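In: here's my sequence, what's the structure:
(chains A and B)
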Amino acid sequence: MTALLEVRDLAVEYDSGERRVRALDGADLTVAAGETIGIVGESGSGKSTLGSAVGRLLPSTANRVTGDVWLAGERVFDLPPAGIRRLRRERLGFVFQDPIASLDPTMRVGKQLKLVLGSKGDPLSHLDRVRLANPGRVARMYPHQLSGGMAQRVALAIAMACQPRLLIADEPTAALDAQVREEVLEVVFSVAAEAGTSIVWLSHDLTAVARRCSRVAVMYGGRVVEDGPAADVLGQPAHPYTAALARSAPAMASLGDRLSPVPGRPPVLAEASHGCAFEPRCPYAEERCAKERPELHVVRTQEALCHRATELVTAS
Amino acid sequence: MRLALWWLGRAVSAAATLLGVSILIFAAVRMMPGGFAETILGPFATADQKAELADRYGLDQSVFVQYGHWLAAVARGDFGVSMISREPVVSELWARLPVTGQLTLFSVLIATLVGVPLGVLTAVRARRAAVGRLLSGLGVSVPEFVLGSLVVFLFSRYALGLPAGGYDNVRSLVLPSLVLSFFAISITARTTRDAVMGVLVEPYVTAAVARGESPWFIIRHHVLRNAAIPVVTLLATITAYLLGGALIVEYVFNLPGIGSYVVQAVGRRDYAVVQAGVLLAATVFIVLNLLVDLVVGLIDPRLGVTSKGRRA
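Out: Presented below is the predicted three-dimensional model:
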């Protein structure tokens, strides 16, 4: 296994007693060491479940139906409790959406870092690394005294404290003001680059992801429906859903163009999809789309899960 | 500055509360059917005898005048004498304070040392939730006099090595403390469990799990402190409740404590004792609540006394 992260045919279901939801319906993903990849999808597309599954952080109501996750050569779901803790400690870093809530409210920032670093580490150098001005002052502060941007830098410093091989950032800037978003992203990507850490960035913003990541994977209905170099996925989408997503993004439209939202609603699967999950909303859907699960098609530089991918790309 | 203002506000509100409590209890004991004279002199006393007794204690004056006299004396630190024993009320209560104080202290200590770990354990191990529910259900639903009587019977019928009645030394308080803590343990455990379960779903706990911390490390460093506030508040309430409400256990075990003394005073219409006893209980409540506010501020910096946006 040469890839750092390998997700194969992963299906995860949430069972809340009266209702079953299939959040992942056979997702595939490969991340090479040092690569930065953005996973894009609407709410409910399964991207957060995929991110959690990598660290085996799924809630107890979730169960893995099929598939496997390999991280740094280890099968994540086969490890004993102590093994998965070691893997999380040494290989993985997580940054979450709400930075202030992800810090312990009753503990000073410096002490929280110290707890992760152990006795040998110096918290101030780690705060300095995420470009916090005046690390000494920040170390003495409690989380509620930090701004959102500062808190996310602290959370990043904690996540990166043990030099993980893979950083999973689940919408790290969704709770931040627009002005500090770019600053925080800049810090995330430069700190990860210095440490040689791969990034999996989960987001719903296709254009923002394409600007920073080398690769983009688009998720829909619990599957990765398109995967390829960022510029190509954004510029010449191979999957009708990606194309629709790109057309609905304000940043992609030239001045005077009309934005066209994707018609219909994203699906909530109760069981494995019989055909293509995008079929009800797809302008190019034909009969087999509802009956056969699409296979992987390689189109140009991308891989797409669409029966008509090759045909549609040649036609355009 | 803000701290000084806070203390001033707390002092004023404490004084107002005590004044209100004193008015209420003063009126209440005098509204009970059958006054001091009837209770003491019995049904066959003549009107002259009653009048003489009323005159001696000033009970023939209007309630407002009586309250004025009493309040003036209390302000000087004089709580009057027991109308039964003719001893100063303060020394009567002071003599009984150690029994009730120790009883309360032991019970709260046991409740904390057993209830808190039990609550944490049942919160972490969902499988044992049924056991926790059964225990706490049993704890809150078995009345103290039932459990107390059972224990007194067992320990007095069979020589089991512990005194089950009367007060000689600390050993006499072991059984009463255990009986009293039975209820306290169950509600401490339940409150702890709810608080811990609330903290376990917080994002910072998920973040700690994602960092690969072990469950007990997370409990020790992130959960206990964050779950402590409701438990501390509860323990203070239990302490105040036990100080005043240990009377059933004091009766069952025949302990000379404050609770049973004040109840006895109510029966004898010993006004000065009832008034002082109730005022003492109110003071304990106020002081404990003040302590809770200070401790809560130490536990959670967001709720600190001097921090901005502090609730009044």
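In: report the separation between B:Val142 and B:Leu150.
Out: 9 Å (C-beta to C-beta, to the nearest Å). (Glycine included, C-beta is placed from N, CA and C.)
In: ok, which residues in the stretch 101-250 of chain A are in contact with chain B?
Out: A:101-107, A:115-116, A:142, A:144, A:155, A:158-159 (C-beta under 8 Å from any C-beta of the partner chain).
In: which pLDDT value goes with the residue of chain B at minimum distance from chain A?
Out: Residue of chain B nearest chain A, by C-beta to the nearest C-beta: B:Gly212 (3.2 Å). For B:Gly212, the model assigns a pLDDT of 93.
In: residues touching it, list them.
Out: Neighbour list for B:Gly212: A:84-90, A:92 [criterion: C-beta atoms under 8 Å, 6 or more residues apart in numbering or on different chains].
In: where does the stretch 201-312 of chain B dip in pLDDT?
Out: By pLDDT under 70, the weakly predicted segments of the stretch 201-312 of chain B are B:244-245, B:304-312.
In: burial count for residue 289?
Out: You didn't say which chain, so I picked chain A. The local packing count at A:Cys289 equals 21, with neighbours defined by other C-beta atoms under 10 Å in any protein chain shown.
In: wait, chain B
Out: B:Asn289, neighbours per other C-beta under 10 Å, totals 17.
In: likewise for the one 5 residues further on?
Out: Here the neighbour count serves as a burial measure; for B:Leu294 (other C-beta under 10 Å) it reads 13.
In: quick check: phi and psi on it?
Out: Here is the backbone geometry of B:Leu294 (degrees, to the nearest 10): phi -70, psi -50.
In: before we move on, back to that, same list (the contacts of B:Gly212) but as TSV, adding neighbour count, distance to A:Arg75 and secondary structure.
Out: TSV is the format used below for these (neighbours: other C-beta atoms under 10 Å in any protein chain shown; distance: C-beta to C-beta, whole Å; DSSP: H, G, I helix; E, B strand; the rest coil):
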residue	neighbour count	distance to A:Arg75	secondary structure
A:Ile84	21	10	helix
A:Arg85	19	15	helix
A:Arg86	14	14	helix
A:Leu87	21	10	helix
A:Arg88	25	14	helix
A:Arg89	17	17	helix
A:Glu90	13	16	helix
A:Leu92	27	15	strand
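In: I'd like those residues laid out as TSV, including pLDDT.
Out: Output for these, formatted as TSV (pLDDT from 0 to 100):
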residue	pLDDT
A:Ile84	95
A:Arg85	95
A:Arg86	95
A:Leu87	95
A:Arg88	95
A:Arg89	93
A:Glu90	92
A:Leu92	95
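In: show me which of those neighbour chain B.
Out: A:84-90, A:92.
In: list phi and psi for A:Val225.
Out: Dihedral angles for A:Val225 - degrees, to the nearest 10 - are phi -90, psi -20.
In: where does it land on pLDDT?
Out: 95.
In: swap in the one 5 residues further on?
Out: With respect to pLDDT, A:Ala230 has a value of 93.
In: again, but for the one 4 residues further on
Out: Per-residue pLDDT puts A:Leu234 at 87.
In: I'd assumed it was in a helix, is it?
Out: Yes: counting by DSSP: H, G, I helix; E, B strand; the rest coil, A:Leu234 is located in a helix.
In: any idea how far chain B is from it?
Out: 30 Å (C-beta to the nearest C-beta, to the nearest Å).
In: again with A:Val218
Out: Counting by C-beta to the nearest C-beta, the gap from A:Val218 to chain B is 25 Å.
In: phi first, then psi, for that residue.
Out: Dihedral angles (degrees, to the nearest 10) for A:Val218: phi -100, psi 130.
In: quick one: it and A:Glu226 touch, right?
Out: Yes: using C-beta atoms under 8 Å, A:Val218 makes contact with A:Glu226 at a distance of 4.4 Å.
In: now for these two: what residues contact both?
Out: Joint contacts of A:Val218 and A:Glu226 (C-beta under 8 Å, 6+ apart) are A:233, A:239, A:241-242.
In: which two of these have the greatest separation?
Out: A:Val233 and A:Tyr241 (11.2 Å; C-beta to C-beta).
In: who touches both of those two?
Out: A:218, A:226.
In: what segments of the stretch 201-312 of chain B are helices?
Out: For the stretch 201-312 of chain B, applying DSSP state H, counting those that start in this stretch gives helices covering B:203-210, B:215-218, B:224-245, B:247-252, B:258-267, B:271-299.
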